[in-house]
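1. Fold the following, please.
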Amino acid sequence: MAKIKEFQVTFDCAEPARVARFWCEVLGYVIPPSAEGEESWSAAVDPSGKGPRIYFQRVPEGKVVKNRVHLDVRVGTGLVGAERLATLEAECARLTELGGVHVRTLYADEENESCIVMQDVEGNEFCVD
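-> All right, here's what the predicted structure looks like:
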């Protein structure tokens, strides 16, 4: 059996420190100290060690199309109906105050529960789920 590999999620961005601060607030992550003891604003880590490291890579070009991979911020796990929607909307409001943008709300149907599509401070899509 193959050994499970560690991985990180990498965001291409114009301002790594700004995007890193946003995602630290969203996920409860922290900025790890660099080798010299200074904070390194190009990465964020889960302080519990359970979640993947997130790396923010400066690139010269801006975002052009919808990202093919996105993060789901899981705040409604186990909730259904109005309770789930209220929880998602509260988190959306918190993230909007941090600079996130509400794109659209996808309401529950016969197959799926509600979720909210948002964008981070540089326009990367993610879902509040």
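2. Okay, now the unreliable bits of this structure?
-> 35-39 (pLDDT under 70).
3. which residues in it form helices?
-> Along the chain, counting by DSSP state H, helices occupy 16-27, 81-97.
4. which one of the ones you listed is the most hemmed in?
-> helix 16-27 (a mean of 19; mean count of other C-beta atoms under 10 Å). Where C-beta positions appear, they are placed from N, C-alpha and C, glycine not excepted.
5. Does anything pack onto it? Which helices or strands?
-> Counting contacts by 3 or more C-beta pairs under 8 Å, 6 or more residues apart in numbering; DSSP states H and E, helix 16-27 packs against strand 8-13, strand 43-44, strand 53-58.
6. how about that helix as CSV, C-alpha atoms only?
-> Below are the C-alpha coordinates for helix 16-27, written out as CSV (Å, rounded to 0.1, in the frame of the first residue of the first chain):
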residue,chain,number,x,y,z
PRO,A,16,0.8,37.1,-0.7
ALA,A,17,0.7,38.8,2.7
ARG,A,18,-2.8,40.2,2.1
VAL,A,19,-4.2,36.8,0.9
ALA,A,20,-2.5,34.9,3.7
ARG,A,21,-4.0,37.2,6.4
PHE,A,22,-7.5,36.7,4.9
TRP,A,23,-7.2,32.9,4.9
CYS,A,24,-5.7,32.8,8.4
GLU,A,25,-8.8,34.7,9.6
VAL,A,26,-11.1,32.4,7.6
LEU,A,27,-9.6,29.1,8.7
